[in-house]
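Q: predicted model and sequence below, questions to follow.
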Amino acid sequence: MAYIRVIDEHEASGELDLVYQKYRDQYGVVPEIRKVLSLKPGFVTLYDAWVHSITFGGSRLGRYREELIAVLGSSLNKSSH
């Protein structure tokens, strides 16, 4: 849980509600790391595009190896999303 002000799912409206719905559809939940950005809903979309551009396909490892590294990192950090 974040220790900064966030807009919870039941409080979201407009653009933020659409962003949250996208995460619920894709992951079943809204990741806490995205709720941290909830005060600037437009930034969430930009942030997602940036993360995707540097996370997958940005190396010669290939998608499979990049995914393995991501899973290992999440496991070591005890991250669920």
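A: Alright, I've got the coordinates.

Q: contacts and neighbour counts: CA atoms only from here.
A: Noted.

Q: look up the closest residue to the most centrally placed residue in the chain, ignoring the ones flanking it.
A: Nearest to the mean C-alpha position of the chain, counting by CA atoms, centre = their mean, stands Arg34 at 5.0 Å. Once flanking residues are discounted, Arg34 sits nearest to Val44: 6.8 Å by CA to CA, 6 or more residues apart in numbering.

Q: name all residues that make contact with that neighbour.
A: Val44 is in contact with Val19, Arg34, Leu37, Ser38, counting by CA atoms under 8 Å, 6 or more residues apart in numbering.

Q: for the record, mean pLDDT for the one helix or strand Arg34 maps to?
A: For Arg34, the host element (DSSP states H and E) is helix 32-35. When pLDDT is averaged over helix 32-35, the result is 88.

Q: tell me which residues of that helix come out buried.
A: Neighbour counts over helix 32-35 (16 or more other CA atoms under 10 Å) mark Arg34, Lys35 as buried.

Q: from the chain's centroid, how far away is the next helix or strand after that helix?
A: Beyond helix 32-35 on the C-terminal side, the first helix or strand identified by DSSP H and E is helix 41-55. Offset of helix 41-55 from its chain centre (CA atoms, centre = their mean, to the nearest Å): 8 Å.

Q: the helix or strand just after helix 41-55 vs helix 41-55, what angle?
A: For helix 41-55, the following helix or strand on the C-terminal side (DSSP H and E) is helix 63-76. Relative orientation of helix 63-76 and helix 41-55, computed by axes from the mean of the first three to the mean of the last three CA atoms, to 10 degrees: 120 degrees.

Q: okay, buried residues for helix 63-76 please.
A: Judged by neighbour count (16+ other CA under 10 Å), helix 63-76 contains these buried residues: Glu66.

Q: that older thread, can you tell me how far the residue nearest to the centre of the chain sits from Leu61?
A: 27 Å (CA to CA, to the nearest Å).
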